[in-house]
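S.K.: Okay, sequence plus prediction incoming.
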Amino acid sequence: MHRILSAGLVMGLLSSTALSADLAHNPKSEPVAPPVFTWSGVYGGLFAGFGALDSATQFLCAGPDGRAGAAGCPVLPSRRGTDDGFIAGGEVGGNWAVGSGFVVGGAADYQFTRLWDYGEREGRFTDSGGRALIFRVAHAGQRLDQLATLRGKVGFALGPTLIYGTGGLAFGNVRIDSNLTAFNRSVFDAREGEVRTGYAVGAGLEHAFTDHLSAKVEGLYYDLGSRSVLAAPIGRVLPGYRAGARIATDGFLTRVGLNYRFGAGLPSDGPAAPSPWAFEGGLRYFYSSGGPRYTLGDPFKPGQVNSRLTYAGADAHSGESFARVEHAPTGLLAKGFLGAGGVTTGRLADEDFPPLESRYSKTLSPIKDGDIGYGVIDFGYDVLRRDGFSLGGFVGYQYDAELLNGHGCQQVARSGICAGQYAVPDQVKGLGETLRWNALRVGLIGEARFDRVRLSLEGAYLPAVSLEGVDRHWLRPDINPLPQQGRGDGYFAEGIVSYDVTPRVSVGVGGRYWRMQTDSGSVKFPTYPRSPTKFETDRYGAFAQISYRLADFGLGEANAPATLVRKD
């Protein structure tokens, strides 16, 4: 027994000695620093928000000698106007961390901006000598349809939060219109549309939620300078004179967006636990048709219909981006899509009714160009979830912008308008419509999954719809443009069938329909009270899509089981 204890004691001492020697020859390992977050890298993203357009307008006139404000020139006071509305677009850029928290970079973006400001002066005008002139109405205004910027960025990073300033070039598609009328006939009609160059400056705050996904809030001021448009008189009034307007174009953009930074991200210590979040995003091609219609009543005789414009079969090709985020434990979800495209074909029917016209008139004009822009964002909750099935409700916002142009006109009834020698060739722009619809959405969405196949159905009622628009009679400058407005309701329906090609990638097809209408609307003719008007629009079509579940967003893992699984 003593021999066993002695042997154990000796072995223990030898082991301790060997361990001490080993420790003496192997210094203690240094702790490994955790990986550091960096803002360096290339990124791309989408944004939406609110845009404003400011207009400072000065009416101009030059005499035969070219001198501004010459004797006989009408004198009109300057005016300021503003407009605001929904904007949306995309951005690409890159950042480089230069040390001590400083970050430099650059970005390029494009946004769809359906913004305009038109105003008029009515009454008796005087010339520079105080003498009364025959002019009765003066129009002036502008429209900004698209805006792009190319900017540099300088910021300071506080870990995953970046505060930055930005500035650079701005490019906008601006159209200016100005005209003077006398006794309801155009005397001066000046118009110009062009791409303008200016600058944009602003600041923003961006926060990274994961290695790749970040959200930002950004404000930009843009200034595209001012331009003058002048035109010679139509007819024999004031020969040799030129009149028009000078309008400045500037405003603010407030944008909220999501950016995805490309790259490897931070190294992982091992497989991540399944996330309670599910994120899916993708792209669509949407082929659609439809168009607006408005029926004009009489301001003095309730119930009388004077005319109707129907933009039918306006076919459009557009691209979309879409995304959906779900929180599995609670059933909360957010979803939406943004799209824009061009109108290629269609037909405009212009009808005028007795007694305004002695004979019923109907003219037809091909729709050769135009565009649409639209967007939806919803927040909802799945109230019912079973194996392979879910049903929820949502509330949200829908935006729809339309710009359509009819060219020429040909009479198809027995009226003399656009008949015979008075027909207008298709090369001449005759009528146009610019509309902006905003709507509140309340709806239901259901989803069912059968192995790799997923079926989604959605329906929404639009209880509050507002419309702002401008009617363009290009061949009648005395009433061009005509401001429009209205309030009403509408509805929306969509169905999608998709197939999971891989656990991350799916493809699908779907169909969509929406309709908006106004119960009360009006249009303003110069020197007349507002005329009652009913506005309607619809759009229907089919789309093909591809989507991707982004595991490295940190909101959902590729190996995590799908929320809805059904095998039978």
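M.R.: Arrived safely, thanks for sending.
S.K.: Report the mean confidence score over the strand or helix carrying residue 103.
M.R.: According to DSSP states H and E, residue 103 maps onto strand 102-122. Average pLDDT, strand 102-122: 93.
S.K.: in it, what's buried?
M.R.: Buried residues in strand 102-122, counted by 16 or more other Cβ atoms under 10 Å: 103, 105, 107, 109-118, 120-121. C-beta: built from backbone N, CA, C; applies to glycine.
S.K.: For it, which strands pair with it and how are they oriented?
M.R.: Note on strand 102-122: by DSSP bridges, its sheet partners are strand 79-99 (antiparallel), strand 137-158 (antiparallel).
S.K.: want to throw those into JSON lines with mean pLDDT and mean neighbour count?
M.R.: JSON lines is the format used below for these (pLDDT from 0 to 100; neighbours: other Cβ atoms under 10 Å):
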{"stretch": "strand 79-99", "mean pLDDT": "93", "mean neighbour count": "18"}
{"stretch": "strand 137-158", "mean pLDDT": "94", "mean neighbour count": "21"}
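S.K.: Need the ones you listed in TSV (columns: distance to residue 294).
M.R.: Listed next are the strands paired with strand 102-122 as TSV, based on distance: least, Cβ to Cβ, whole Å:
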stretch	distance to residue 294
strand 79-99	20
strand 137-158	19
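S.K.: Residue 456: which of the ones you listed is closest?
M.R.: Of all the strands paired with strand 102-122, strand 79-99 sits nearest to residue 456, with 22.8 Å by Cβ to Cβ.
S.K.: how far does the closest one sit from the chain's center?
M.R.: 12 Å (Cα atoms, centre = their mean, to the nearest Å).
S.K.: same question, stretch 249-256
M.R.: Taking Cα atoms, centre = their mean, one finds the center of stretch 249-256 at 13 Å from the center of the full chain.
S.K.: circling back to that earlier point, what sits up against the helix or strand that the strand holding residue 103 is followed by?
M.R.: Tracing the chain past strand 102-122, the next element assigned as helix or strand by DSSP H and E is strand 126-127. Applying Cβ atoms under 8 Å, 6 or more residues apart in numbering, the contact partners of strand 126-127 are 71-75, 132-133.
S.K.: Mind giving me the PyMOL command for buried ones among the residues you listed?
M.R.: To isolate the buried ones among the contacts of strand 126-127 in PyMOL, judged by 16+ other Cβ under 10 Å, type:
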select buried, resi 72+73+74+133
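S.K.: Need the contacts of strand 126-127 in a markdown table (columns: pLDDT, secondary structure and distance to residue 458).
M.R.: Putting the contacts of strand 126-127 into a markdown table (pLDDT from 0 to 100; DSSP: H, G, I helix; E, B strand; the rest coil; distance: Cβ to Cβ, whole Å) gives the following:
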| residue | pLDDT | secondary structure | distance to residue 458 |
| --- | --- | --- | --- |
| 71 | 83 | coil | 66 |
| 72 | 82 | coil | 63 |
| 73 | 86 | coil | 59 |
| 74 | 85 | strand | 56 |
| 75 | 86 | strand | 57 |
| 132 | 84 | strand | 62 |
| 133 | 81 | coil | 59 |
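S.K.: Looking at the contacts of strand 126-127, which is nearest residue 382?
M.R.: Closest approach between the contacts of strand 126-127 and residue 382, by Cβ to Cβ: residue 74, at 64.2 Å.
S.K.: what are the pairing partners of the helix or strand that contains residue 293, and which direction each?
M.R.: For residue 293, the host element (DSSP H and E) is strand 277-297. Using DSSP bridges, strand 277-297 pairs in its sheet with strand 305-327 (antiparallel), strand 531-548 (antiparallel).
S.K.: Tell me the buried residues in that strand?
M.R.: Within strand 277-297, the residues scored as buried using 16+ other Cβ under 10 Å are 277-282, 284, 286, 288-297.
S.K.: so residue 96 makes contact with residue 38?
M.R.: No: contact criterion Cβ atoms under 8 Å: residue 96 and residue 38 do not qualify, at 9.5 Å.
S.K.: Show me how far stretch 56-63 is from its chain's centre.
M.R.: 33 Å.
S.K.: what comes into contact with that stretch?
M.R.: Here stretch 56-63 makes contact (Cβ under 8 Å, 6+ apart) with 68-74, 76-81, 119, 138, 140-141, 178, 226, 228, 230, 240-248.
S.K.: Can you measure across stretch 405-416, start residue to end residue?
M.R.: Stretch 405-416 stretches 23 Å from its first residue to its last (Cα to Cα, to the nearest Å).
S.K.: Mean confidence (pLDDT) on it, please.
M.R.: 92.
S.K.: got it, and stretch 343-355?
M.R.: Averaged over stretch 343-355, pLDDT sits at 95.
S.K.: buried stuff in that stretch?
M.R.: Of the residues in stretch 343-355, 343, 346, 348-353 count as buried by neighbour count, 16+ other Cβ under 10 Å.
S.K.: Next: stretch 496-515.
M.R.: Buried residues in stretch 496-515, counted by 16+ other Cβ under 10 Å: 496, 498, 500, 506, 508, 510, 512-515.
S.K.: cool, stretch 246-256 as well?
M.R.: For stretch 246-256, burial by neighbour count (16+ other Cβ under 10 Å) applies to 246-251, 253, 255.
S.K.: Now render the residues you listed as TSV, adding secondary structure.
M.R.: Formatted as TSV, these follow (DSSP: H, G, I helix; E, B strand; the rest coil):
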residue	secondary structure
246	strand
247	strand
248	strand
249	strand
250	strand
251	strand
253	strand
255	strand
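S.K.: for these, which one is nearest residue 407?
M.R.: Closest to residue 407, out of all of these and judged by Cβ to Cβ, is residue 247, at 26.4 Å.
S.K.: and that closest one, bridged to which residues?
M.R.: When assigned by DSSP bridges, residue 247 has beta-bridge partners residue 57, residue 227.
S.K.: confidence score at it?
M.R.: Turning to residue 247, the model gives it a pLDDT of 95.
S.K.: Also the one 5 residues further on?
M.R.: As predicted, residue 252 sits at a pLDDT of 97.
S.K.: That one reaches residue 51, doesn't it?
M.R.: Yes: counting by Cβ under 8 Å, residue 51 is a contact partner of residue 252 at 7.3 Å.
S.K.: That concludes my questions; thank you for your assistance.
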